[in-house]
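J.: give me a 3D structure for the following:
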Amino acid sequence: MLNIAILASGDPESGGGGSTADRFIRDVKRGKAEVNVGLIICNNSIEKVSGFYERFETIAREIGMRIPIETINGIRYPKGKQERGQTLEESSAICRTLEDHNIDFVLGLGYCKVATGEFADTWLWQPEYAEEYPETNGIYHPNARTTNNHPGWLSGDERPDTRDTHGEGAAARAMELGIPHNAFTFQAMSAAVDEGPKIAEVLVPIHYGVDLPAGVFARTQVEEKAATAVFAHNHLQQWEEHQALRRAA
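T.: Next comes the predicted model:
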C-alpha cells in the first residue's frame, strides 16, 4: 500500500479550508482509495488557517486517523527566493520531510504555490517523461510522483483554458472564454503551472444567462470532492503497477 502525503494551503481569507483533503481522508477510511495517508504539508501557519489544522484534529477524534501535519513555507525557509512560488530552501525542506515520513506519492489538494527547485525536479512530471514514455504521456514515470487538483477545464493543448487560475477564478475564466463547461481536472503536477498531463476530469456544464462564477465553482467543488478518491485510487494503482513492471524488466 502506497504511503501518500497531501499538499494543501488552507484558506487564509476564511482562516479555514481543507475540505477536499477532509473528504479524501474520510473516503480513504471508507475504502474508496487503498492508500495510507502518512503526512499533510500546509504552507500556511496555524495562525493564518487555524480552522484547517482544527479540521484534522476533528478527523482524528471522529474516525481515528491521526495524521501528522507539517508547516513548510517561505517564512520558515526563506533562502533562494524565486520569482513565483516556493523558495529553494522551502522546496528542499518539503523533500526532506517527504523522505523522513517515507512518502511514496503526493496529492496536491488545494495547494496554491508554484513548485520550484528540488521538489519540482524530483517529484513532479517533466516534459521529457512524455518523450520517454509517449504511450502514456509520461504520467507513470517513477519520478512523476505528484498530482494536482485543478478546479477548471484544461484543454490539453494550446487552446485558451483555465490554466494558472484557482478557486472561483477558474470558473470565471471559463465563462469569460465562453466554454460550454467548466471541469474538475485531476492532472500530473508540473513546475509550469497547470501544464502537466490531464489524468481524469469531470465536466461541469455552464448555464449562461443563469450561472454566476460562484455557482459554477460550487458545483465544480462538489464534483471534485466526490471524484478525488476514485481518481487517485485508479491512478495510483496504475502508477504502482508500472513501477513493478519497470523493476521486473
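J.: look up how far residue 241 lies from the most centrally placed residue in the chain.
T.: In the chain, the C-alpha nearest the mean C-alpha coordinate belongs to residue 108, at 1.9 Å (Cα atoms, centre = their mean). Here residue 108 is placed at a distance of 22 Å from residue 241 (Cβ to Cβ, to the nearest Å). To be clear about C-beta, it is placed using only N, CA and C from the backbone, and glycine gets the same treatment.
J.: got a list of what the residue nearest to the centre of the chain touches?
T.: For residue 108, the contact set (Cβ atoms under 8 Å, 6 or more residues apart in numbering) comprises 6, 7, 8, 146, 147, 148, 149, 189.
J.: from those residues, which ones fall inside strands?
T.: 6, 7, 8, 146, 147, 148, 149 (DSSP state E).
J.: ok, so of those residues, who is nearest residue 31?
T.: residue 6 (18.1 Å; Cβ to Cβ).
J.: the closest one touches residue 39, doesn't it?
T.: Yes. Here residue 6 reaches residue 39: they are 7.3 Å apart, a contact under Cβ atoms under 8 Å.
J.: who has more neighbours, these two?
T.: Set residue 6 next to residue 39 and count neighbours by other Cβ atoms under 10 Å: residue 6 wins out with 24 against 21.
J.: could I get the contacting residues of that one?
T.: By Cβ under 8 Å, 6+ apart, the residues touching residue 6 are 21, 24, 25, 37, 39, 40, 41, 106, 107, 108, 109.
J.: okay, the residues you listed in a markdown table with secondary structure, distance to residue 59 and pLDDT next?
T.: Output for the contacts of residue 6, formatted as a markdown table (DSSP: H, G, I helix; E, B strand; the rest coil; distance: Cβ to Cβ, whole Å; pLDDT from 0 to 100):
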| residue | secondary structure | distance to residue 59 | pLDDT |
| --- | --- | --- | --- |
| 21 | helix | 9 | 98 |
| 24 | helix | 11 | 98 |
| 25 | helix | 6 | 98 |
| 37 | strand | 10 | 98 |
| 39 | strand | 14 | 99 |
| 40 | strand | 10 | 99 |
| 41 | strand | 16 | 99 |
| 106 | strand | 19 | 99 |
| 107 | strand | 16 | 99 |
| 108 | strand | 19 | 99 |
| 109 | coil | 14 | 98 |
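J.: tell me the one of those residues nearest residue 248?
T.: Once Cβ to Cβ is applied, the member of these that ends up nearest residue 248 is residue 106, at 24.9 Å.
J.: look up the closest residue to that closest one, ignoring the ones flanking it.
T.: residue 146 (4.2 Å; Cβ to Cβ, 6 or more residues apart in numbering).
J.: count of residues packed around the one you found?
T.: The number of residues near residue 146, taken as other Cβ under 10 Å, comes to 24.
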